[in-house]
Structure formats: structure tokens, C-alpha cells
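> Below are the sequence and a predicted model for it; my questions follow.
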Amino acid sequence: MTRTPVNVTVTGAAGQIGYALLFRVASGHLLGADVPVRLRLLEIPQAVQAAEGTAMELDDCAFPLLSGIDITDDANVAFDGTNVALLVGARPRTKGMERGDLLEANGGIFKPQGKAINDHAADDVKVLVVGNPANTNALIAQAAAPDVPAERFTAMTRLDHNRALSQLAKKTGSTVADIRKLTIWGNHSATQYPDIFHAEIGGKNAAETVNDEKWLADEFIPTVAKRGAAIIEARGASSAASAANAAIDHVHTWVNGTPEGDWTSMGIPSDGSYGVPEGLISSFPVTCANGSYEIVQGLDVNEFSRTRIDASVRELAEERDAVRGLGLL
Ligand SMILES: NC(=O)c1ccc[n+]([C@@H]2O[C@H](COP(=O)([O-])OP(=O)(O)OC[C@H]3O[C@@H](n4cnc5c(N)ncnc54)[C@H](O)[C@@H]3O)[C@@H](O)[C@H]2O)c1
Ligand SMILES: O=C(O)C[C@H](O)C(=O)O
């Protein structure tokens, strides 16, 4: 193998999502079937041994693209030279909690990790925050990394995007492959807004095809927004395989681009577009090309959408103020 391996750091490597994620990173699904990777696994000291067990299994898969695995409990080591950082390690919520309830428990993880990324990561580092509350944790990490361009810090709303695709396909008797230009706006929380007004199904406008505002307001939006809680209720544990899959999708699209005529949803630092205050990490419709993303501009936002986007953005501002109060920003 002649190509230099890409360093991929995964935090929380011994957790549920870590277990579903690492094998796909190592087999080429994250970056491409011709891109060798070196894995850097970060865990808390008590879970290092479990991460070593996973590393043994990774070895046993004999993945041709996997050039090595390092395991550490030191963030400065884990992020040394990292090109892609997947920040998964954080506590998941349990039944009855909202993701925002994790702010205090998890927020403290992301400031030192942001600093370690600032001080040690490769110049081209791309960061995806999965640990909840993902948007605000990404904001904390980004604020602690002033030397890294802010736009490299992103939060995962691709799971919400994928959930919305599936719900819309079911409702309309289409397949997810028929659907384009769906958007998740705002926070990865119960206030998020899955928007089908610009989406297309087989080239036709999705909202017109559905033609059922009651379904949109009372079924589609709450089903997507509360899917995480429904999974916790049913499984007794938060989503893991679908979350890992969405993390793979997020980074793969960021690196390899969105298909012509489509876009995706990513939590990214706002540049003020669509009235979202600059700096908040909010989900937007984006296109990706050449390893960068751009917000899709010029979409007409109707009143139904405006109210919902504003509510979710308000929550993001409140979360930002709360972590500022905790000294994390
Ligand atoms: N954004 C999303 O769409 C989405 C989807 C699913 C889950 N999540 C979130 O992802 C996070 C992880 O979920 P999980 O199911 O894998 O949880 P888990 O409890 O199974 O695993 C978390 C792992 O993180 C480790 N960890 C804790 N603190 C750490 C630190 N400072 N550094 C490194 N590792 C650390 C723990 O030891 C544990 O192994 C949760 O916060 C969950 O809510 C987000
Ligand atoms: O809902 C959760 O707490 C886990 C995750 O964010 C999800 O959306 O499944």
C-alpha cells in the first residue's frame, strides 16, 4: 500500500456506537475503498481494556486497509496528527431524559478534547461530534480550538436526516433512493425541524405529493424528532448501529461529496444564513465537494418552517448560554 494512511480518532471506542463504528471505518466505508486508515482509540482508563478487546477483533478481521491501531486514555496522544476525529465518547441519556439534560454531565468532556485537537491535530482535521447534546458539545470543542478553522467542527444530524427519509418513503410508497433535498434544521433534539417543502420524490415536490399538513405536523415531525426516545424505550438503550451508520454517512459525504442534484444535513457553525445567529452550531441543508461543505442558499422559508426553525435555534442559544454559565465556553 503506497498511500499514507489517514489517521482516524474515535473517542468512546469501547462504547455501543464505537463497537458498531470501528469495523466499518476499518473496512473502508468511512473514507473510501482505497483509503488506508490508522485508528486512534480514546477511552477513559476504566474502559481501555475493553477497547483493547475490540482492537483484537479488528486485528482478527485482517482488514487490508487497516494500517494500525493505537489505544490511549490521553487525548493529546489520541488526537496527535489526527485527520478525522469522531467524538462519540459521552454518556447516553436514559428513559425520560432529554438530550439537553446531558449538558452538564457531558459538556466537560469536549473542552479538553477541543484543546487537544487544537494543539495536536493535523492541519486538515475534520471533526464530527456524535456525543449528546451534539450541537452544543461541538460548540464547546470548537471554542476550545481557536487555531482550527471553525467550520471543521460539525455535529451529527445525519441520523435525523436518514430517519426522515425512511418515514417519508413509507408514507408515499416510494424508496429512500427516490427522495432528494430533504433538510433537518436546528438542533439534534426534540425541537429539530425535518423539512420536506423543498424535498423531491421522483422529481416531484414532496410536500405537494404528501398534501397532508396534519400528517406533517402531528406525525412526521414528531416521529423523526422523538425517534431517539422511541428507540431507548423499545431497546432499553440508545441507538447505536444507526448512529454509527449516520456517522459513516456524514464523514463519507463531507469527504467525497453530495450527489449532483441533492444535498444533505449537517450541524455546522452558522454564518448567519436563514436568520440563524452566527456561530451557533445548527443543522442546515449543505452540499459537499472537494472535502468542503456549503450551505444551500436561496431557499424560500414559509411560515410553517420559520416558526419551527426559530424554536430550535432558540433552544440552541439557550444551550450555549447554559454552557457559558458552566464556564465551558
Ligand atoms: N448525534 C446523534 O445522532 C447520536 C445518536 C446516538 C447516540 N448519540 C450519543 O453518542 C454518545 C455515545 O453513545 P453510546 O451508545 O456509544 O454510549 P456508551 O455509553 O455505550 O459509550 C460511551 C463510551 O464513551 C466513553 N467515554 C466517556 N467519557 C469519555 C471521555 N472523556 N473520553 C473518551 N471516552 C469516553 C465511555 O467509557 C464509553 O465506553 C451518547 O452521548 C449518545 O447520546 C448521539
Ligand atoms: O436520542 C438519544 O438520546 C440518542 C440519539 O441522539 C438518537 O437520536 O438516537
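Cool, got the structure. Numbering: from 1, shown residues only. Ligands and ions are numbered 1, 2, ... in the order given.
> Now for whatever residue of the chain ends up closest to ligand 2, which secondary structure element holds it?
Of all residues in the chain, the one sitting closest to ligand 2 is residue 228 (2.0 Å; Cβ to the nearest ligand atom). For the C-beta atoms, the positions are set from N, CA and C on the backbone; glycine is no exception. Take DSSP states H and E as the rule and residue 228 turns out to sit in helix 227-235.
> Give me the helices and strands touching that helix, please.
If you count contacts as 3 or more Cβ pairs under 8 Å, 6 or more residues apart in numbering; DSSP states H and E, helix 227-235 packs onto helix 158-172.
> go again using 7 Å as the cut-off
Applying 3 or more Cβ pairs under 7 Å, 6 or more residues apart in numbering; DSSP states H and E, we find helix 227-235 packed against no helix or strand.
> For this protein, name the helix or strand with the lowest mean pLDDT.
Within the chain, no helix or strand scores below helix 103-120, which has a mean of 94 by mean pLDDT, DSSP states H and E.
> How about that one and ligand 2, any contact?
No - residues of helix 103-120 contacting ligand 2 under Cβ under 6 Å from any ligand atom: none, with a closest distance of 11.1 Å.
> And for stretch 192-206?
No - using Cβ under 6 Å from any ligand atom, stretch 192-206 stays clear of ligand 2, with a minimum separation of 9.5 Å.
> List the buried residues in that stretch.
Along stretch 192-206, these residues count as buried under the neighbour rule (16 or more other Cβ atoms under 10 Å): 192-201, 206.
> Same check on stretch 4-22?
5-22.
> Just list the residues touching residue 83, thanks.
Residues counted as contacts of residue 83 (Cβ atoms under 7 Å, 6 or more residues apart in numbering) are 6-8, 122, 124-125.
> how near is it to residue 39?
12 Å (Cβ to Cβ, to the nearest Å).
> where do the contact lists of these two overlap?
With Cβ under 7 Å, 6+ apart, residue 83 and residue 39 have common neighbours residue 8.
> coming back round to it: out of the contacts of residue 83, which sit inside strands?
6-8 (DSSP state E).
> residues making contact with the helix or strand hosting residue 287?
Take DSSP H and E as the rule and residue 287 turns out to sit in strand 281-289. Strand 281-289 is contacted from outside by 135, 138-139, 155, 157, 183-187, 192, 253-254, 257-258, 263-270, 273, 276, 293-296, 299, 313, 316, using Cβ under 7 Å, 6+ apart.
> How about stretch 67-81?
Contacts to stretch 67-81, defined as Cβ under 7 Å, 6+ apart, come from residues 5, 7, 9, 36-45, 48, 51-52, 55, 58, 85, 112-113, 116-117, 119-122.
> can you rerun that using 6 Å?
By Cβ atoms under 6 Å, 6 or more residues apart in numbering, the residues outside stretch 67-81 that reach it are 5, 7, 9, 36, 38-43, 45, 48, 51-52, 55, 112-113, 116-117, 120-122.
> Does stretch 274-290 reach ligand 2?
No - contact of stretch 274-290 with ligand 2 (Cβ under 6 Å from any ligand atom) is absent, the minimum separation being 12.6 Å.
> The strand holding residue 287 to helix 158-172, inter-axis angle?
80 degrees (axes from the mean of the first three to the mean of the last three Cα atoms, to 10 degrees).
> Which SSE is immediately downstream of strand 281-289?
strand 292-295.
> what about residue 118, distance to residue 272?
From residue 118 to residue 272 the distance is 24 Å (Cβ to Cβ).
> Please identify which of the two sits among more neighbours.
Neighbour count, other Cβ atoms under 10 Å: between residue 118 and residue 272, residue 118 has more, with 17 against 11.
> Tell me how far the closest residue to that one other than its chain neighbours lies from ligand 1.
Nearest residue to residue 118 in three dimensions, chain neighbours excluded: residue 145, at 3.7 Å (Cβ to Cβ, 6 or more residues apart in numbering). Counting by Cβ to the nearest ligand atom, to the nearest Å, the gap from residue 145 to ligand 1 is 16 Å.
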